[in-house]
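Asks: coordinates only, sequence not included:
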């Protein structure tokens, strides 16, 4: 495992187990790391990488956010995390994501809630071992869980994702033959966010990819992503990312797709 | 510069369930299902009828309106030429296809009926065009 900035370990993603991505990141120097909202919850191990073994591990469980935030970095501090697919947070951790909206449980607070996280924090030979532990932790808790994710919930989230966040909740409800209230409740339950906030995150990520990976002009990206106009897209970028579409910083874009 | 029609891909919520449905309801056979369960092709000769997961649409960077039974059908149809369209129609409906229009003979001699598949896509069941 090569560590640098944020890296995903694609062979460890396991959609069926609810693992959208396993990721690692080590900061070479001081500074801050900007985390963009992705509508997801993560289980993270923070560590200081001086020499083997990897020690001083802190568990962190993060909830869904709707805006960016900056994480201060110390040289040699590292993170290994698993990002859970929508709906799986409660299945794995027994907590509805809405209870962690905009927040995180760090260290003791996380251990109080989930004592079995302690076993993940024993010294490890390298960060890969931490990734393996996290994956085993999620698989085991998933296998023991009696929470099932309803097909209806999966299909609604899939349709919203496939639309790039462009389908309104009323349409999603109609397409799936349920009331708007039911569709709203399912989404809130699975993600901890309102349908509007969750859709806005998907739309923001798609617009970022259209600009950065597809090399579209801001005007073309705004149109394809479904913004009313370019200035609408600019306002959303400032609010959710703290930057302008015209001058994209070297942001990290995580894989979110269900 | 040459060009030919390559294949048609339908984006669906569940690729494996869709393949099984097309086998049971329409009698097509699968050519292959990728081990990821995100893509599959039916045995349809030179131009494949393929199914891909909605996740693939997102990973490819485009946005789509998902096909759903409860939604208005999207503006396209898949036409399957059957040796016995009436029988094919009943078999499809018995397997869970939604009836739209039972087969009837057109003025040009072709028998044509319509159903919607498990995802709400429009499927035409017809006889060969008369020579």
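Replies: Alright, I've got the coordinates. Since the model is a prediction, treat every value here as computed from it, not as a measurement.

Asks: where does the residue in the stretch 51-200 of chain A that chain B sits nearest to land in three-state SS?
Replies: Relative to chain B, the nearest point of the stretch 51-200 of chain A is residue A:164 (3.2 Å; Cβ to the nearest Cβ). Every C-beta, even on glycine, is put in place using the N, C-alpha and C of the backbone. Per DSSP: H, G, I helix; E, B strand; the rest coil, the secondary structure class of residue A:164 is coil.

Asks: enumerate the residues of chain B near chain A.
Replies: Residues of chain B found near chain A (Cβ under 8 Å from any Cβ of the partner chain) are B:11, B:13, B:54-55, B:57-59, B:61-66, B:68-71.

Asks: can I get the buried part of these as one PyMOL selection?
Replies: The following PyMOL line selects those of the residues of chain B next to chain A that are buried, judged by 16 or more other Cβ atoms under 10 Å in any protein chain shown:
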select buried, chain B and resi 11+13+54+55+57+58+63+64+65+66+68+69+71
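
Asks: sort out for me which of the residues of chain B next to chain A are in helices.
Replies: B:54-55, B:57-59 (DSSP state H).

Asks: list the contacts of the helix or strand of chain B with the lowest mean pLDDT.
Replies: Ranked by mean pLDDT, DSSP states H and E, the weakest helix or strand in chain B is helix B:54-59, scoring a mean of 92. Contacts of helix B:54-59 with the rest of the structure, by Cβ atoms under 8 Å, 6 or more residues apart in numbering or on different chains, involve A:158-159, A:161-162, A:164, A:257-258, B:11-13, B:38-39, B:63-64, B:66.

Asks: strands of chain B, start to end?
Replies: With DSSP state E, the ranges of strands along chain B come out as B:7-12, B:30-33, B:39-42, B:48-53, B:77-81, B:98-105, B:111-116, B:122-126.

Asks: er, the stretch 51-200 of chain A actually
Replies: A:55-62, A:69-73, A:77-84, A:104-106 (DSSP state E, counting those that start in this stretch).

Asks: if we can go back for a sec, redo the ones in helices among the residues of chain B next to chain A as TSV? Include distance to residue B:91.
Replies: Shown next, in TSV, are these (distance: Cβ to Cβ, whole Å):
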residue	distance to residue B:91
B:54	28
B:55	31
B:57	30
B:58	34
B:59	35
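
Asks: ok, residue B:20 to chain A distance?
Replies: 15 Å (Cβ to the nearest Cβ, to the nearest Å).

Asks: typed the wrong thing, it's residue B:52
Replies: If you go by Cβ to the nearest Cβ, the gap between residue B:52 and chain A works out to 11 Å.

Asks: look at that residue and report its pLDDT.
Replies: Listed pLDDT for residue B:52 reads 98.

Asks: measure stretch A:213-232 end to end?
Replies: 21 Å (Cα to Cα, to the nearest Å).

Asks: just how off-centre is it within its chain?
Replies: 23 Å (Cα atoms, centre = their mean, to the nearest Å).

Asks: that stretch close to chain B?
Replies: Yes. With Cβ under 8 Å from any Cβ as the criterion, chain B is reached by stretch A:213-232 at A:213-214, A:224-226.

Asks: tell me the buried residues in whichever strand or helix holds residue A:47?
Replies: Residue A:47 is located in strand A:41-48, with elements delineated by DSSP states H and E. Neighbour-count burial for strand A:41-48, with 16+ other Cβ under 10 Å as criterion, is recorded at A:41-47.

Asks: of those, closest to residue B:89?
Replies: residue A:41 (47.4 Å; Cβ to Cβ).

Asks: against residue A:5, how distant is that closest one?
Replies: Here the criterion is Cβ to Cβ, to the nearest Å. By it, residue A:41 lies 22 Å from residue A:5.

Asks: again with residue A:199
Replies: 28 Å.

Asks: which of the two has more neighbours?
Replies: Legend: neighbour count by other Cβ atoms under 10 Å in any protein chain shown for residue A:199 and residue A:5, higher for residue A:199 (24 against 12).

Asks: ok, the closest residue to the more buried one other than its chain neighbours - contacts?
Replies: For residue A:199, ignoring the flanking residues on the chain, the nearest one in space by Cβ to Cβ, 6 or more residues apart in numbering or on different chains is residue A:165 at 4.0 Å. Residues in contact with residue A:165, defined by Cβ under 8 Å, 6+ apart, are A:198-204, A:206, A:226.

Asks: take those and lay them out in JSON lines including pLDDT and distance to residue A:18.
Replies: As requested, the contacts of residue A:165 are exported to JSON lines (pLDDT from 0 to 100; distance: Cβ to Cβ, whole Å):
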{"residue": "A:198", "pLDDT": "97", "distance to residue A:18": "17"}
{"residue": "A:199", "pLDDT": "97", "distance to residue A:18": "21"}
{"residue": "A:200", "pLDDT": "97", "distance to residue A:18": "23"}
{"residue": "A:201", "pLDDT": "96", "distance to residue A:18": "19"}
{"residue": "A:202", "pLDDT": "96", "distance to residue A:18": "18"}
{"residue": "A:203", "pLDDT": "96", "distance to residue A:18": "24"}
{"residue": "A:204", "pLDDT": "96", "distance to residue A:18": "23"}
{"residue": "A:206", "pLDDT": "95", "distance to residue A:18": "23"}
{"residue": "A:226", "pLDDT": "95", "distance to residue A:18": "28"}
